[in-house]
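1. Fold the following, please.
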Amino acid sequence: ISVEWFEAKLNSTIKILEDHFSKYRISDALMLTYKLIWDDFCSWYLEMVKPVYQKPIDKTTLEETVAFFEKIMKILHPFMPFITEEIWHLLEDRKEDDCIIISKMPEVGKIDKTILNQFEFAKDVIIAIRNFRKEKNIPNKEKLERFIKKNNDEKPDTTFDSLVSKLCNLSKIDYTDEKYVDKKLFLIKL
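-> Residues are numbered from 1 along each chain as shown. Just a heads-up that it's a prediction; the model follows:
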């Protein structure tokens with residue numbers, strides 16, 4: 001699901017970048033590229049696909065991640081040509097004339113707005129849990145349980161639950177109709 005999310009995010013960003021370039025908004029394009037690399041790729045995506053301690057990353061995820069990184073290098077190339085060209089040739093063995101400067105910019109692919117919205121909610125939940133740990137001085141290595149109060153008979157969206165569990169070190173995620181839970185547990189309203 002992490003790969004699907006980043007692919008949608010990358011395609012969404014490429015679409016906005018094309019608009020910025022067509023209107024000569026170079027500063028906006030640079031800022032958008034910076035946020036894609038720093039916030040989305042480095043801060044979220046790499047953390048999402050990071051394997052468990054001392055375990056290797058699976059081959060498919062590694063290949064997708066390298067492909068994403070190559071697209072990011074193409075996007076960054078107009079702003080940092082020499083560095084991206086060097087990285088481009090270090091990523092894989094390429095012929096001398098296979099340069100990033102003459103390669104095509106990535107094209108907009110499928111943009112799954114549903115997964116983008118689902119991740120924004122999951123991101124808010126992850127940030128809330130991390131803030132809760134910080135406020136209550138609960139170490140990150142200590143496992144927590146999370147109970148989510150459902151609204152009426154609403155069916156919960158569990159798309160990113162495994163990711164939330166991984167990034168927040170949760171032992172359990174349950175959906176409940178209860179108003180309150182015990183002190184070592186915490187409740188988030190949907």
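2. CA atoms for contacts and neighbours, from now on please.
-> Will do.
3. Model confidence score at Ser2, please.
-> pLDDT, Ser2: 83.
4. Relative to Lys166, how far out is it?
-> 12 Å (CA to CA, to the nearest Å).
5. Compare neighbour counts for those two and give me the winner.
-> The neighbour comparison of Ser2 against Lys166 (other CA atoms under 10 Å) goes to Ser2, with 18 against 15.
6. contacting residues around the more buried one?
-> Residues near Ser2 by CA atoms under 8 Å, 6 or more residues apart in numbering: Tyr45, Met48, Val49.
7. which one of the residues you listed is nearest Arg130?
-> Set against Arg130, the nearest of those by CA to CA is Met48 (15.2 Å).
8. Now for the closest one, how many residues are close by?
-> Met48 has 17 nearby residues by other CA under 10 Å.
9. Which is the succeeding secondary structure element to the helix or strand containing it?
-> Using DSSP states H and E, Met48 sits within helix 46-49. Using DSSP H and E, the helix or strand that directly follows helix 46-49 along the chain is helix 59-76.
10. Any idea how far that following helix is from the middle of the chain?
-> Between the centre of helix 59-76 and the centre of its chain there are 13 Å (CA atoms, centre = their mean, to the nearest Å).
11. what sits up against it?
-> Residues from elsewhere that reach helix 59-76 (CA under 8 Å, 6+ apart): 3, 7, 33, 37, 49, 84, 87-88, 91, 100, 103-106.
12. out of those residues, which are buried?
-> Among the contacts of helix 59-76, those buried by neighbour count (16 or more other CA atoms under 10 Å) are Val3, Glu7, Thr33, Ile37, Val49, Thr84, Trp88, Ile100, Met105, Pro106.
13. Hmm, which of those residues is lowest in pLDDT?
-> Lowest pLDDT within these is found at Ile100 (83).
14. List the contacts of that one.
-> For Ile100, the contact set (CA under 8 Å, 6+ apart) comprises Lys74, His77, Thr84, Glu85, Trp88.
15. So Lys155 lies in a helix, does it not?
-> No - under DSSP: H, G, I helix; E, B strand; the rest coil, Lys155 falls outside any helix and is assigned coil.
16. I'd like to know how far it sits from Phe68.
-> Distance, Lys155 to Phe68, by CA to CA: 33 Å.
17. and if you look at Glu120?
-> Taking CA to CA, one finds Glu120 at 20 Å from Phe68.
18. Could you point out the longest helix of this protein?
-> If each helix of the chain is counted by residues according to DSSP state H, the longest one is helix 113-135.
19. what is the mean pLDDT for that helix?
-> Confidence for helix 113-135, expressed as mean pLDDT, is 84.
20. That one: how far from the chain's middle?
-> 11 Å.
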